[in-house]
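Engineer: when you get a sec, could you give me coordinates for this:
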Amino acid sequence: MLTDDMRAVIESAHLCFAATISADGRPNLSPKGTIRVLDEGHLFFLDIASPRTRANVLARRWMEINVVEQLSRRGYRFAGPASVHVDDEIYRGARSRVLGEEGVEFPVASVIVLAVERAEPIVSPGYDHVETEGEMRASWRARRAALDREFEGYLSRRARPGST
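Structural biologist: This next block holds a predicted model:
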């Protein structure tokens, strides 16, 4: 079910937004920086600090994950039932893989796996104004550099944490 393009977008983005449903029926949207492809029909992320996401999946297993490659301004919506894994083969393999790739060590409460039942493309309406993905990437590379400069300026003016 997962195409080469879907895999490439996920590997490039490394960031997704996972949507679950809370106990009161409200949406819970949470960024996840460890999204990976598990196999042909499953995605996963590490639950590093996601007690609400974990609780929501345990109570109401449906989840949607959105992944967008920033410069290309396109990506995918993945939806289906999710499961929570703790101290099993999936947990150990996923944890080992991500921590090894990231080169860091941090506590992992669980691994959340999405069984992809539906995958739909997300494409920016910006493509109405450019001919190719290369043009989109070039324009956003320049825009991203300008946005980075603006934010760096803000950070240099901001008081340092702990200083007066």
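Engineer: any stretches of this structure with poor pLDDT?
Structural biologist: Applying pLDDT under 70 to the chain flags residues 161-164.
Engineer: at 50 what do you get?
Structural biologist: Applying pLDDT under 50 to the chain flags the ranges 164.
Engineer: grab the longest helix from it for me.
Structural biologist: Longest helix of the chain, by residue count under DSSP state H: helix 133-157.
Engineer: identify the residues contacting it?
Structural biologist: Helix 133-157 has contacts (Cβ atoms under 8 Å, 6 or more residues apart in numbering) with 70, 71, 72, 73, 74, 124, 126, 127, 130. All C-beta atoms are positioned from the backbone trio N, CA, C, and that covers glycine.
Engineer: so which of those comes closest to residue 116?
Structural biologist: The nearest member of the contacts of helix 133-157 to residue 116, counting by Cβ to Cβ, is residue 74 at 17.6 Å.
Engineer: neighbours of that closest one, how many?
Structural biologist: Neighbour count of residue 74, defined by other Cβ atoms under 10 Å: 19.
Engineer: and what of residue 144?
Structural biologist: When neighbours are counted by other Cβ under 10 Å, residue 144 comes out with 13.
Engineer: rewinding a little: buried subset of the contacts of helix 133-157?
Structural biologist: Buried by 16 or more other Cβ atoms under 10 Å: 71, 72, 73, 74, 130, out of these.
Engineer: which ones are touching the fourth one?
Structural biologist: Residues counted as contacts of residue 74 (Cβ under 8 Å, 6+ apart) are 9, 68, 121, 122, 123, 124, 127, 133.
Engineer: who is it paired with across the strands?
Structural biologist: Following DSSP bridges, residue 74 is listed with bridge partners residue 69, residue 123.
Engineer: ok, now how distant is it from residue 93?
Structural biologist: For residue 74, the distance to residue 93 equals 30 Å [Cβ to Cβ, to the nearest Å].
Engineer: and if you look at the first one?
Structural biologist: Separation of residue 71 from residue 93 (Cβ to Cβ) stands at 31 Å.
Engineer: tabulate the buried ones among the contacts of helix 133-157 (CSV), appending distance to residue 140.
Structural biologist: Listed next are those as CSV, based on distance: Cβ to Cβ, whole Å:
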residue, distance to residue 140
71, 5
72, 8
73, 6
74, 11
130, 10
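Engineer: so which of those residues comes closest to residue 53?
Structural biologist: Of the buried ones among the contacts of helix 133-157, the one sitting nearest to residue 53 (Cβ to Cβ) turns out to be residue 74, at 24.8 Å.
Engineer: perfect, that will be all.
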